[in-house]
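Novice: Everything below, folded, please.
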Amino acid sequence: MYEGQRKVRSTFKMMDRNGSGGLDVREAAAGFQKLGLELPLNVVAKLVETFDTKRNGELDYGEFLKLLQASASITS
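Specialist: Predicted structure coming up:
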């Protein structure tokens, strides 16, 4: 596993406060805030809705990774 992948996995685990293996809207919002991203709850809810391909109300690690990849391509 590359160092970047390790950091992303570690960040995901830090954000997954209940250890469920998925990030709900509140966990994602709190995690983004810890990373310095002050996003309104409705924006985080829309991100979760958009990238939650399983439609279970949470982002699993793969879905979280796709969100990060999409945001990286937008900002570069």
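Novice: got the buried residues for the host helix or strand of residue 43?
Specialist: In this structure, residue 43 sits in helix 41-51 according to DSSP states H and E. Neighbour counts over helix 41-51 (16 or more other C-beta atoms under 10 Å) mark 44, 45, 47, 48, 51 as buried. Where C-beta positions appear, they are placed from N, C-alpha and C, glycine not excepted.
Novice: and the last one, what is it in contact with?
Specialist: Residues in contact with residue 51, defined by C-beta atoms under 8 Å, 6 or more residues apart in numbering, are 59, 63, 64, 66, 67, 70.
Novice: what ranges of this structure fall below the confidence cut-off?
Specialist: In the predicted model of the chain, residues 1, 76 satisfy pLDDT under 70.
Novice: Quick check: longest helix in it by residues?
Specialist: helix 61-75 (DSSP state H).
Novice: who's in contact with it?
Specialist: 8, 9, 12, 21, 23, 47, 50, 51, 52, 53, 54, 59.
Novice: Pull the number of nearby residues for the nearest residue to the fifth one once chain neighbours are set aside.
Specialist: In space, residue 23 comes closest to residue 59 once its chain neighbours are excluded; the distance is 4.6 Å by C-beta to C-beta, 6 or more residues apart in numbering. Residue 59 is flanked by 28 other residues according to other C-beta atoms under 10 Å.
Novice: Is it correct that residue 59 is in contact with residue 48?
Specialist: Yes - here residue 59 reaches residue 48: they are 5.8 Å apart, a contact under C-beta atoms under 8 Å.
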